[in-house]
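A.B. asks: Next input, structure requested:
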Amino acid sequence: MPIWTPIPKRRANYDLSEDQLKGLLKRYDTNGDGKLSKEELSVAFRQLGLRFSWWRAGRAIHHADANDDGYISEDELHELVKYAKKWGFTIN
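C.D. replies: Residues are numbered from 1 along each chain as shown. As a prediction, this is how the structure comes out:
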């Protein structure tokens with residue numbers, strides 16, 4: 001019996017348009033400032049069924065936050081959606 005059993009990759013299986021995914025993510029802007037924080041993204045990713053949501057939120061901000069303010073604004077959502085495709089979101 002192996003000492004360590006790898007956890008299978010868990011991918012979100014959603015077939016959405018880019019606008020649908022943007023709209024879905026915008027719902028998690030709980031303070032209504034028009035930007036997504038790491039905390040808000042973490043909640044969104046966790047509720048969408050992704051593992052390691054805190055880590056993924058940090059990577060998403062690192063990847064999509066063009067102005068380095070620590071948030072994903074409306075203008076940066078396109079890059080976030082492109083990055084989310086790596087996790088199993090199918091953009092049609």
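A.B. asks: From here on, just use CA atoms for contacts and neighbour counts.
C.D. replies: Fine.
A.B. asks: Distance-wise, check residue 27 relative to residue 56.
C.D. replies: With distances taken as CA to CA, to the nearest Å, residue 27 is found 18 Å from residue 56.
A.B. asks: Also residue 70?
C.D. replies: From residue 70 to residue 56 the distance is 14 Å (CA to CA).
A.B. asks: Neighbour count for those two, which is higher?
C.D. replies: Taking other CA atoms under 10 Å, residue 70 and residue 56 do not tie; residue 56 has more neighbours (19 against 16).
A.B. asks: residues near the residue nearest to that one when sequence neighbours are not counted, how many?
C.D. replies: The shortest distance from residue 56 to any non-neighbouring residue, by CA to CA, 6 or more residues apart in numbering, is to residue 42 (7.3 Å). Close neighbours of residue 42, defined as other CA under 10 Å, add up to 23.
A.B. asks: List the buried residues in the helix or strand where residue 42 lies.
C.D. replies: If you go by DSSP states H and E, residue 42 is part of helix 38-47. By neighbour count with 16 or more other CA atoms under 10 Å, helix 38-47 contains the buried residues 38-46.
A.B. asks: What is it packed up against?
C.D. replies: Packed against helix 38-47 by the contact rule (3 or more CA pairs under 8 Å, 6 or more residues apart in numbering; DSSP states H and E) you find helix 53-64.
A.B. asks: Mind listing residues that contact the next helix or strand after the helix it packs on?
C.D. replies: Of the helices and strands lying after helix 53-64 in sequence (DSSP H and E), the nearest is helix 77-84. Contact partners of helix 77-84, identified using CA atoms under 8 Å, 6 or more residues apart in numbering, comprise 18, 21-22, 60-61, 63-64, 72.
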